[in-house]
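**Q** With the sequence up front, the predicted model follows.
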Amino acid sequence: MRIEYLLISTGIFEKKFDFSNKNTLIFSNENSVGKTTLLRIILYSLGFKIPGTKLFPIEKYKYKTQIITDTGREIILIRESINYIVRKEKKQQDDLETYCLPDQLDQLHSILFNTEDVNILDNILGTFYLDQEKGWTLLNRGVVIGSIHFNLEEFIQGLSGRDCSELKREEIALEKELGKYEQISNFTKYKEAIEKADGSLLAENSDDDLNSQIDLKQIELNYAKKELSRIDSVLKSNKQFRSFINEMKLMVKTPQGEIVRVTTDNLLDFNDSLDYLIAKRGIQALTVKKLASTIDHLKAIKKQKDTSFFTVESISDAFDEMVQKFPYGYVKIEQIKDSLKKQLKQVRDQISERTMYNNEVVTSLYGNVIKYAEELGIGNGNTMQLNYLFTSNLKVLSGAILHKTVFAFRLAYILEVKRLLGVKLPIIMDSPTGKEVNATNVELMINILNRDFSEHQIIIASIYDYNIPELKKIELKDHLLEW
């Protein structure tokens, strides 16, 4: 597939960008003049849900793009809205087809990419477009750009005709169910927090329940007050006894004949008993205070229930009451979550097995990845086993190695599309000279493109020049649209 030109218009103003059938470099001496925006507009004009850039609201303009498919059809796409796109054949000027987006995007793309397989069409952008923000870190699954994702397993299933739709539905259902229990888990954590904070407050709180709770707590409070009063009485008696002892000025004679005056200080265990009573009184006073607070809280709930409207506080209390009625605890919910996770892992293992087992698409992809990995100096068949195609451990890859690994993977995807669908995808790259990628690495990448992808249209946006044959340059100076 080749992109012939892109026409951007607004009102009476329009600007046309013609692209080479071979290689095009969108170039500028400075950043932030519209290179990335132009690449995104190309994709947007093909119907993809592409976000604009900060300085360019992509949906405010009108676009016309002419492409030539690998089946030889000359197609003009007109996009004047985010909600639809119009297709017309160049040889049939009166034949217009309107596609509502995003619902009918696959119908349009089935013509452009010569396949009706949804798994391929949903992942096709992740094969040939490398965005400067996400693209050079996207290996086999993740975000391509905006809300568009790529999943290698789905892509392989589409290319190889492996039907995993039932398992995928089961996976989605389990993911949804697990998501619910994640929320319930938070719910039960809050329930436990309430129970710890208000352990004396029972869950049921109808009017009769509230009255019973208030009566029960009042009985407990009365008993606690009596106990507090008794302790105070004992302490008072001890105080009186202390005064009595001191006033009596009693004298005792020790076995050694020594005469000693009796005081509360030399009475055995008198002070220890007093300290115990004081400590006990403190605990009992705290019990009285807590019971009184609980009764006030219950009375406040009852008062709120008797009113005809809810305040913010009463809604919060009502929610707490509802939470406390929930019959399951945190431990039970965690057990269910663990069971769901095991089921989900089993389903995903089945999907992987069905995708990978005895699949020549996987073998072909792996062979091309290893071929380019060796050429780029990032690995070989010993360091990158077959299951490396599906690795999620990217943390071990440094900037330059990850950059080149992503490049090798994408080239393998593009070759597989060409082999199985007969479609020579364009290769669209934004800023291939990334961080930690030196001139030598870039030269290796360009050499591969020159040698193995000369039949593909290549469009690169960069502030750097590249040694690519038959290169057309589109130079942007101050900004993208210089009318």
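**A** Happy to help now that I have it.
**Q** S160: neighbouring residues, count only.
**A** Using other CB atoms under 10 Å, S160 has 19 neighbouring residues. Any C-beta I mention is one placed from the backbone N, CA and C, and that applies to glycine too.
**Q** cool, the one 4 residues further on as well?
**A** Burial of C164 is recorded as 21 neighbouring residues (other CB under 10 Å).
**Q** One more: E416?
**A** A count of neighbours around E416, defined by other CB under 10 Å, yields 20.
**Q** Could you list which residues are in contact with K88?
**A** Neighbouring residues of K88 by CB atoms under 8 Å, 6 or more residues apart in numbering: I75, I76, I78, D95, L96, E97.
**Q** and the helix or strand hosting it, which strands flank it?
**A** Assessed by DSSP states H and E, K88 sits inside strand 84-89. Counting by DSSP bridges, the strands paired with strand 84-89 are strand 74-79 (antiparallel), strand 92-100 (antiparallel).
**Q** What segments of the stretch 51-200 of the chain are strands?
**A** Using DSSP state E, counting those that start in this stretch, the strands found in the stretch 51-200 of the chain span residues 62-68, 74-79, 84-89, 92-100, 129-130, 141-145, 148-151.
**Q** and the residue nearest to L221 when sequence neighbours are not counted, how many residues sit next to it?
**A** Excluding its sequence neighbours, the residue lying closest to L221 (CB to CB, 6 or more residues apart in numbering) is L291, at 4.2 Å. A count of neighbours around L291, defined by other CB under 10 Å, yields 20.
**Q** Just to be sure, L291 is in a helix?
**A** Yes: the assignment for L291 (DSSP: H, G, I helix; E, B strand; the rest coil) places it in a helix.
**Q** so what's it up against?
**A** Residues near L291 by CB under 8 Å, 6+ apart: S200, K217, E220, L221, A224.
**Q** Quick one: neighbours of the second one, just the number.
**A** Spelled out, it's K217. K217 has 23 neighbours, counted by other CB under 10 Å.
**Q** Is it within a helix or a strand, and which one?
**A** helix 207-248.
**Q** list the helices and strands that helix packs on?
**A** With contacts defined as 3 or more CB pairs under 8 Å, 6 or more residues apart in numbering; DSSP states H and E, helix 207-248 has these neighbours: helix 270-306.
**Q** Buried residues of the helix it packs on, list them for me.
**A** Of the residues in helix 270-306, 274, 281, 284, 287-288, 290-291, 294-295, 297-298, 301-302, 304-305 count as buried by neighbour count, 16 or more other CB atoms under 10 Å.
**Q** and which of the contacts of K88 is nearest N393?
**A** I75 (41.6 Å; CB to CB).
**Q** ok, the closest residue to the closest one other than its chain neighbours - contacts?
**A** Nearest residue to I75 in three dimensions, chain neighbours excluded: I67, at 5.4 Å (CB to CB, 6+ apart). I67 sits next to M1, R2, I3, E4, L46, E74, I75, L77, L112 when contact means CB under 8 Å, 6+ apart.
**Q** What are the boundaries of the helices in this protein?
**A** Ranges of helices in the chain, per DSSP state H, are 35-45, 105-112, 118-121, 125-128, 152-160, 165-197, 207-248, 270-306, 312-325, 330-356, 360-376, 399-421, 439-452.
**Q** mind listing what L152 touches?
**A** Here L152 is in contact with N123, N140, R141, L389, F390 (CB under 8 Å, 6+ apart).
**Q** and which of those is nearest I446?
**A** Checking the contacts of L152 against I446 with CB to CB, the nearest one is N140 at 23.7 Å.
**Q** Return the residues in contact with the spatially closest residue to S160 that is not a sequence neighbour.
**A** Setting aside the residues directly before and after it, S160 is nearest to V361 in space (CB to CB, 6+ apart), at 4.2 Å. By CB under 8 Å, 6+ apart, the contact set of V361 is I156, L159, S160, E416, L420.
**Q** now do L228
**A** So L228 contacts R281, Q284, A285, V288 (CB under 8 Å, 6+ apart).
**Q** Could you tell me what pLDDT the model assigned to the closest residue in space to the second one that isn't next to it in sequence?
**A** Read that as Q284. Leaving aside its chain neighbours, Q284 sits nearest to L228 (4.6 Å; criterion: CB to CB, 6+ apart). Listed pLDDT for L228 reads 86.
**Q** Renumber starting at 57 from here on
**A** Got it, the first residue is 57 from now on, which makes the last one we talked about L284.
**Q** residues of stretch 396-412 that come out buried?
**A** In terms of neighbour count (16+ other CB under 10 Å), stretch 396-412 has its buried residues at L396, Q399, L400, V403, R404, I407, R410, T411, M412.
**Q** Which of these lies at the shortest distance from K236?
**A** The closest of those to K236 turns out to be L396 (CB to CB; 9.5 Å).
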